[in-house]
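Asker: For reference, the sequence and a predicted model appear below.
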Amino acid sequence: MNASSVPGTPTVPGPLTLSGPAAALLAPVPARAPVPTTRPAANAWLPTAPCTPAACLGPPRGPAAVPRGVLRLAALAALLAAGSALSPFARWLPAAPVRRWCRWTVRAAGVRVRITGSAPSGGGLLLVADHVSWLDVPLLAAVRPARMLAKSEIRRWPVAGWLAERGGALFIDRDRLRTLPATVAVIAGQLRAGGAVAVFPEGSTWCGGARGRFRRAAFQAALDAGAAVQPIRVRYRDGGAAPGTAAAFIGEDSLFASVWRVVTARRLIAEVEVCPVIPPGRHPDRRSLALAARPPDPEVPVGRHTSPGER
């Protein structure tokens, strides 16, 4: 049965056939591909941390902290400007003044620095540490100046990206897994030449109340080069006995927001513990080497994340 055979239903005319210009004008327009409304998903292999500003960071400081923050920002800017002016001559500067400048930079932001232990002053050395804050970079350099392994996005950061490039940072494109072997080879080459390279093997920042596991790739460079590994433990305390999160630079937090939170904080302390060095040949593979470079810390568990109110 068709529509025309049903009583009361109007007859439907047959299809209209067009030709010439009329057919071209009335031809259906091909559908366009939908425009994506969300950002593409991150690569599944990229290291991530569960820490977010909403879950891990306290409320911003009140107006009373503004003068303190402005003065510290001015001091920090002055030291960064001095460092920028001297950066072309950094390779000829002795390590001692570079270490002092890095320590002063952290102190200018209002953070007291406590460093226990020391690292070898010469020879190829892979420095590995927890990653909590942008402050980690000058703190590691205060132990021993080194070329920093950094994600390529840092190149686009204002001021910090320029300083990182002038400081000889080794950049890695984390979105391209196939570039990882070449990066490991570059690190190994620096270590064979007697240089120091600093790496944050967690691959992402954590809030300081918890920490991630060390990824193994960078340790392969130390094995290939026959270089020692220097584990370093970094903690921040913001007025309490337990490690705090005021210095953390995590999740969707902006660099300026993190800097402002640091310079307006009170009684913020950075503790840097230089652990015993791991000599070359002590561990046969990168898995065991990564585990050895991550000594247990009863104050900061690995992987188990808690909010500040639960600590």
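Answerer: Great, that's in hand.
Asker: Run through the strands of the stretch 1-150 of the chain in chain order.
Answerer: 111-116, 125-129, 147-151 (DSSP state E, counting those that start in this stretch).
Asker: Pull up the pairing partners for the longest one, direction included.
Answerer: What it means is strand 111-116. strand 268-274 (parallel) (DSSP bridges).
Asker: Would you mind identifying the next helix or strand past the strand it pairs with?
Answerer: The helix or strand immediately downstream of strand 268-274 is helix 286-292, counting by DSSP states H and E.
Asker: what's the spacing between that following helix and its chain's center?
Answerer: 21 Å (C-alpha atoms, centre = their mean, to the nearest Å).
Asker: for that helix, packing partners?
Answerer: helix 217-225, strand 228-238 (3 or more C-beta pairs under 8 Å, 6 or more residues apart in numbering; DSSP states H and E). All C-beta spots, glycine's among them, are computed from the backbone N, C-alpha and C.
Asker: Try it again at 7 Å.
Answerer: The contact analysis (3 or more C-beta pairs under 7 Å, 6 or more residues apart in numbering; DSSP states H and E) places helix 286-292 against helix 217-225.
Asker: Check the strands of the stretch 1-150 of the chain for me and report the most buried one.
Answerer: strand 125-129 (a mean of 26; mean count of other C-beta atoms under 10 Å).
Asker: Residues contacting that strand, please?
Answerer: Contact partners of strand 125-129, identified using C-beta atoms under 7 Å, 6 or more residues apart in numbering, comprise 119, 136, 140, 144, 146, 191, 196-201, 214, 218, 221-222, 227-232, 234, 293.
Asker: doesn't Asp297 make contact with Cys275?
Answerer: No: Cys275 is beyond contact range of Asp297, at 10.4 Å (criterion: C-beta atoms under 7 Å).
Asker: Pick out whichever of those two has more residues nearby.
Answerer: With neighbours defined as other C-beta atoms under 10 Å, Cys275 and Asp297 compare such that Cys275 has more, 19 against 14.
Asker: before we move on, back to that, give me the common contacts of Cys275 and Asp297.
Answerer: With C-beta under 7 Å, 6+ apart as the test, Cys275 and Asp297 both reach Arg233.
Asker: for this structure, which spans come out with low pLDDT?
Answerer: 1-46, 240, 298, 301, 303-311 (pLDDT under 70).
Asker: Now with 50, please.
Answerer: With pLDDT under 50 as the threshold, the chain has low-confidence stretches at 1-19, 21-42, 44, 307-311.
Asker: By residue count, tell me the biggest helix in it.
Answerer: helix 66-86 (DSSP state H).
Asker: Please identify the buried residues of that helix?
Answerer: By neighbour count on 16 or more other C-beta atoms under 10 Å, the buried set for helix 66-86 is 69, 72-73, 75-76, 79-80, 83.
Asker: Output these in a markdown table; the columns should cover distance to Leu170.
Answerer: Output for the buried residues of helix 66-86, formatted as a markdown table (distance: C-beta to C-beta, whole Å):
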| residue | distance to Leu170 |
| --- | --- |
| Gly69 | 33 |
| Arg72 | 30 |
| Leu73 | 29 |
| Ala75 | 29 |
| Leu76 | 25 |
| Leu79 | 24 |
| Leu80 | 21 |
| Gly83 | 19 |
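Asker: Look at the spatially closest residue to Ala82 that is not a sequence neighbour and say how many residues are nearby.
Answerer: Leaving aside its sequence neighbours, Ala82 sits nearest to Trp101 (C-beta to C-beta, 6 or more residues apart in numbering; 7.7 Å). Trp101 has 20 neighbouring residues, counting by other C-beta under 10 Å.
Asker: Also Leu135?
Answerer: Neighbour tally, Leu135, other C-beta under 10 Å: 23.
Asker: quick one: it and Ala246 touch, right?
Answerer: No: Leu135 is beyond contact range of Ala246, at 10.6 Å (criterion: C-beta under 7 Å).
Asker: that older thread, got the CA coordinates for the longest helix of the chain in CSV?
Answerer: What follows is helix 66-86, C-alpha atoms only, in CSV (Å, rounded to 0.1, in the frame of the first residue of the first chain):
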residue,chain,number,x,y,z
VAL,A,66,50.2,42.3,48.9
PRO,A,67,53.0,44.6,50.0
ARG,A,68,55.1,41.6,51.0
GLY,A,69,54.4,40.0,47.6
VAL,A,70,55.3,43.2,45.6
LEU,A,71,58.6,43.7,47.5
ARG,A,72,59.6,40.0,46.9
LEU,A,73,58.6,40.2,43.3
ALA,A,74,60.8,43.2,42.8
ALA,A,75,63.8,41.5,44.5
LEU,A,76,63.2,38.4,42.4
ALA,A,77,63.0,40.4,39.2
ALA,A,78,66.3,42.2,40.0
LEU,A,79,68.1,38.9,40.5
LEU,A,80,66.7,37.4,37.4
ALA,A,81,67.7,40.5,35.4
ALA,A,82,71.3,40.2,36.8
GLY,A,83,71.3,36.5,35.9
SER,A,84,70.1,37.2,32.4
ALA,A,85,72.8,39.8,31.9
LEU,A,86,75.5,37.2,32.9
